[in-house]
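Engineer: A predicted structure for the sequence below; I have some questions about it.
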Amino acid sequence: MLEILDTLVSLDLFKVFFCCDLTKCHGACCIEGDAGAPVTMEEVELLEEAYEIVHDDLSTDAQQQIEAEGVVYPDRDGELVTQIVRGKDCVFVKNGGSCAYCAIDSAYREGQFHWQKPISCALYPVRLSTVGGVTAVNVHKWDICQPARDLGKQLQLPVYQFLKEPLIRRFGQAWWNECDLAAKELKKAGYLD
């Protein structure tokens, strides 16, 4: 672990290669798992606002789940996560098609909504946790993301570079600049070969 501007950063951020390959995984991270995506309290209101915009893009099951239970629920650890349907699918998956896309992200990219998606989604495969009051930045390994690791390796694209935009969104430009500097120093010292 490295300390970067009041965070503890796993070396995996620099060592693991990653680049989403939707042609192979078909957005499986949005429709697999046993809980929704982690969200902050601040994001709940944004999810509720987004629901009004993307309502018609969601499946009937997702609409019914949100109407009955709201946009989030506490998972088994008591953390807030997005609602899911069928015990695994995020309710915000855009209805139809052979690939799972986030309806909120699609609305953002089309200029229909001002917010992209929960930061936990944007940061994946990075997962944040708190250790002794300090934010720990780790890389999660999930079998369904093997195509992303394969493509990342082919492109020689480490996680921190693949996630530049969401890392800046979460921690700021100065943090990312320190991250980039750390990667260069680690490479120079032979830790990233």
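Structural biologist: Structure received.
Engineer: hey, let's count contacts and neighbours off CA atoms from now on
Structural biologist: Will do.
Engineer: and Glu52, how many neighbours does it have?
Structural biologist: Look at Glu52: counted by other Cα atoms under 10 Å, it has 9 neighbours.
Engineer: From the contact counts, what lies against the strand or helix carrying it?
Structural biologist: Using DSSP states H and E, Glu52 falls within helix 41-54. Counting contacts by 3 or more Cα pairs under 8 Å, 6 or more residues apart in numbering; DSSP states H and E, helix 41-54 is packed against helix 103-109.
Engineer: export the helix it packs on as PDB, just CAs?
Structural biologist: Extracted C-alpha coordinates of helix 103-109, given in PDB (Å, rounded to 0.1, in the frame of the first residue of the first chain):
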ATOM      1  CA  ALA A 103     -29.800   3.800 -18.100                       C
ATOM      2  CA  ILE A 104     -28.500   6.700 -16.000                       C
ATOM      3  CA  ASP A 105     -25.100   6.700 -17.800                       C
ATOM      4  CA  SER A 106     -26.900   6.600 -21.100                       C
ATOM      5  CA  ALA A 107     -29.100   9.600 -20.200                       C
ATOM      6  CA  TYR A 108     -26.000  11.500 -19.000                       C
ATOM      7  CA  ARG A 109     -24.200  10.800 -22.300                       C
END
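Engineer: gap between the following helix or strand past it and the chain center?
Structural biologist: Using DSSP H and E, the helix or strand that follows helix 103-109 in sequence is helix 119-123. When C-alpha coordinates are averaged (Cα atoms, centre = their mean, to the nearest Å), helix 119-123 and its chain have centres 3 Å apart.
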